[in-house]
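Participant: What follows is a predicted protein model with its sequence.
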Amino acid sequence: MEKNKQGNAFAKFIYSQKTAPYVFVLPFILSFCIFWVYPMISTITMSFQDIKPGGAEWVGFNNYAKLAKDAVFHQAVFNSIMYMLLTLVLLLPFPMLWAVLIDSNLVKAKGVWKAVLYVPALTSVVISGTLFRLMFSEYKTGFMNQVLDFFGHPAIKWLKMYPSAYFALLLLCCWRWTGVNMLYFLSGLKGIDAALYESADIDGATSWQKFCYVTIPLLKPTIIYVLTISIYAGLAMFLESFMLWAGNSSPNNIGLTIVGYLYKRGIEKNQMGYASAVGLVLLVVALIINMAQLVATGTFKKEER
Amino acid sequence: MAKNNESKKIGGAKRSILSVLATAFFVILSALIAFPLFAGLLASFRPGRELIRKGLSIDLDFSTMTFDNYIYLFGGKGGQEDSAKYFMWFRNSLFLTFITVAGTLLICYFIAYGLSMYDFRFKNFLFFLVIATMMVPFEILMLPLYQEIISFKLIDSTWGVILPGLCAAGTIFFFRQYMLGLPKELLDAGRIDGANEYRICVQIMMPITKPAFASMAILSAMGSWNNLLWPMLVYRSAAKFTLPIGLNTLLTPYGNNYDVLIAGSMFSILPVLIVFLVFQKYLIDGMTAGAVKG
């Protein structure tokens, strides 16, 4: 009897409208603590430690001091930031223009182009990286060298030198992400009220004026979204370079990125402390750049209103 | 409509020239984008060794093309062993994708349901935390997560692969956006009929959330099918490898399985391509949800 009553009380508690939301969000709270807060704390702690098979030893800021003098790390930071900036230049304005074109009713068979441009994003990075590596093969029978040959230029070792290695990496990324970014912009364009263009027409605005004063301002949320994810994805790029050089080592570290270095130190050399410091530097760099971007574009101000 | 007005002003002839130019531009762009895959497809009908030795280029000499690689991939011409290995990866990928999609969708639906259908004290704070997890790239948490999975004794297990990603912030975000647009009166109607909170969630609300499930299922399936980094860290025994990990192991300089690599790579795109072409609309809805509202 007593037990039954308790059971009922428990059931009543669980089934009540007050408790239900907490039951629903419980998995998130658990996952957040176990797979986000805990690893976050542990990576911060590890970055101040030297992790050896026997145990961890506190070393203060030693890992960071070493990073400050580590030329390979500087190379990786330089590569990641360069790469991120170049992808912003290539993967923001061009997909936006293509989207405006597709949206303009001038283009026939839009659906086909949208689908074809998206297909590269469906392929695993293993496949796309391998295809590009073989296209940029150093033999004169590789496609890119055949193109050079067509223009009367001797074959080069594309992936073994600047700036051709960068070119290959950027081309791979543009190939994969142009269609995706274009879709983001297309969905943003769809949200723009056609009446705005009509009233611009009445005021006698030219196409270019409409683009500058109607399309761009109203596309701002989409631009900021794409900018934010591109900054993160650019700074955290790893697998593209991992696959393009078939492993985590490229000649003179041409293709080494921050995450590549983190992987090298943490997974390949098992120096978890040092690798954690690398990861935290990346996090701080990513947060600063994105905060600066969000402040500059006025995203925070809008929320205050 | 607005754009048509403009074109009337420009005049028919000029417009049709522009239209031809714009369409031609996309024909060329699409051809360039399709090029690497097309070259890969052509190469898959020739010996893989040749591809590795010569690099990838377009070779339209159809007389040297054979189906040997694909016959080998499906177990003919002495390929039984390699074929068995490849289709084991294929099955593993299918299995992992299925479990990941089912688990992620259900759990994220429940979380988003809690966050959108009720008013409770920590609601906004919890939603802020969901957004906050999106602000940290996975790659930064990869190492501590890897250690954590080892200490949980989940290394080399499917649990270890799927658990950390089960509450996917993007999926929760999407479900929440979608459900905020659903009428909350349905909940009260259900309560009046005597259904408890969980029955309402599963039997009344879940059916009308189907389009959101479809979008997220496609998106999550694509991601899982192609996922390399985390499964590569967690899975250790060759018997558990998925397609991306397995194909990657064929890429060694001393390998002799390049036939399987090239034919297998092309064949592994097929299922994703079919799913994409059939469910394109859902995929695009799911993908672009964040981009409009910002």
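Facilitator: Cool, got the structure.

Participant: So which residue is smack in the middle of the chain?
Facilitator: Using chain A here. residue A:233 (1.2 Å; CA atoms, centre = their mean).

Participant: could you do chain B instead?
Facilitator: Computing the C-alpha centroid of chain B and ranking residues by CA atoms, centre = their mean puts residue B:222 first, at 1.4 Å.

Participant: What is the neighbour count of residue B:250?
Facilitator: Residue B:250 has 22 neighbouring residues, counting by other CB atoms under 10 Å in any protein chain shown. (C-beta placed from N, C-alpha, C; glycine too.)

Participant: Which pLDDT value belongs to it?
Facilitator: Here, the pLDDT recorded for residue B:250 equals 87.

Participant: quick one, what contacts it?
Facilitator: By CB atoms under 8 Å, 6 or more residues apart in numbering or on different chains, the contact set of residue B:250 is B:257-258, B:260-261, B:264.

Participant: gap between it and residue B:243?
Facilitator: Distance of residue B:250 to residue B:243, computed by CB to CB, to the nearest Å: 11 Å.

Participant: which residues do those two both contact?
Facilitator: The contact lists of residue B:250 and residue B:243 share residue B:264, where a contact means CB under 8 Å, 6+ apart.

Participant: Please list all residues in contact with the residue lying closest to residue B:284 once chain neighbours are set aside.
Facilitator: Nearest residue to residue B:284 in three dimensions, chain neighbours excluded: residue A:183, at 5.8 Å (CB to CB, 6 or more residues apart in numbering or on different chains). Neighbouring residues of residue A:183 by CB under 8 Å, 6+ apart: A:99, A:114, A:118, B:284, B:287-288.

Participant: repeat that with 10 Å
Facilitator: Each residue near residue A:183 by CB atoms under 10 Å, 6 or more residues apart in numbering or on different chains is listed here: A:95, A:99, A:102, A:114, A:117-118, A:121, B:283-284, B:287-288, B:291.

Participant: right, and the helix or strand after the helix or strand where it lies?
Facilitator: Assessed by DSSP states H and E, residue A:183 sits inside helix A:164-190. Counting by DSSP H and E, the next helix or strand C-terminal to helix A:164-190 is helix A:194-202.

Participant: elements contacting the helix or strand just after that next one?
Facilitator: Per DSSP H and E, the first helix or strand lying C-terminal to helix A:194-202 is helix A:207-210. Packing partners of helix A:207-210 (3 or more CB pairs under 10 Å, 6 or more residues apart in numbering or on different chains; DSSP states H and E): helix A:194-202, helix B:2-10.

Participant: Burial check on residue A:41, number of neighbours?
Facilitator: 11.

Participant: which ones are touching it?
Facilitator: By CB under 10 Å, 6+ apart, the contact set of residue A:41 is residue B:144.

Participant: Show me the domain layout of the chain.
Facilitator: Using chain A here. Per automatic domain parsing, the structural domains of chain A span A:2-46, A:62-304.

Participant: not what I meant, chain B
Facilitator: Annotated domains of chain B cover B:2-73, B:80-293 [automatic domain parsing].

Participant: worst average pLDDT in those?
Facilitator: Mean pLDDT is lowest for domain B:2-73 among these, at a mean of 82.

Participant: so how far is that one from its chain's centroid?
Facilitator: 23 Å (CA atoms, centre = their mean, to the nearest Å).

Participant: Now do residue 235: how many residues are near it, please.
Facilitator: Here I'm looking at chain A. When neighbours are counted by other CB under 10 Å, residue A:235 registers 24.

Participant: To clarify, I was referring to chain B.
Facilitator: Counted with other CB under 10 Å, residue B:235 comes out at 22.

Participant: which residue ranges form the helices in the stretch 1-150 of chain A?
Facilitator: Taking DSSP state H, counting those that start in this stretch as the test, the helices found in the stretch 1-150 of chain A are A:2-15, A:20-32, A:38-46, A:62-69, A:71-91, A:93-103, A:110-118, A:125-135, A:143-150.

Participant: any idea which of those helices is most buried?
Facilitator: With neighbours taken as mean count of other CB atoms under 10 Å in any protein chain shown, these reach their highest mean count in helix A:125-135, at a mean of 25.

Participant: wait, is residue B:153 part of a strand?
Facilitator: No: going by DSSP: H, G, I helix; E, B strand; the rest coil, the assignment for residue B:153 is coil, not a strand.

Participant: That one: neighbouring residues, count only.
Facilitator: Neighbours of residue B:153 under the rule other CB under 10 Å: 10.

Participant: And for residue B:283?
Facilitator: 24.

Participant: so the helix holding residue A:183 versus helix A:93-103, what angle?
Facilitator: 40 degrees (axes from the mean of the first three to the mean of the last three CA atoms, to 10 degrees).

Participant: Can you mark which positions in helix A:164-190 are buried?
Facilitator: Using 16 or more other CB atoms under 10 Å in any protein chain shown as the test for burial, helix A:164-190 gives A:164-166, A:168-189.

Participant: for stretch A:237-244, same thing?
Facilitator: By neighbour count on 16+ other CB under 10 Å, the buried set for stretch A:237-244 is A:237-244.

Participant: distance between it and the chain's centre?
Facilitator: On CA atoms, centre = their mean, the centre of stretch A:237-244 falls 12 Å from that of its chain.

Participant: can you tell if it touches chain B?
Facilitator: Yes: using CB under 10 Å from any CB of the partner chain, stretch A:237-244 reaches chain B at A:237-239, A:242-243.

Participant: would you list those in a markdown table and tack on pLDDT?
Facilitator: Formatted as a markdown table, the residues of stretch A:237-244 next to chain B follow (pLDDT from 0 to 100):
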| residue | pLDDT |
| --- | --- |
| A:237 | 93 |
| A:238 | 94 |
| A:239 | 93 |
| A:242 | 92 |
| A:243 | 92 |
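
Participant: Considering those, which is situated nearest to residue B:51?
Facilitator: Set against residue B:51, the nearest of the residues of stretch A:237-244 next to chain B by CB to CB is residue A:243 (15.9 Å).

Participant: Show the contacting residues for the closest one.
Facilitator: Under the criterion of CB under 10 Å, 6+ apart, the neighbours of residue A:243 are A:124-133, A:172, B:228, B:244, B:248, B:251.

Participant: So, low pLDDT: which residues of the stretch 151-300 of chain A?
Facilitator: A:300 (pLDDT under 70).
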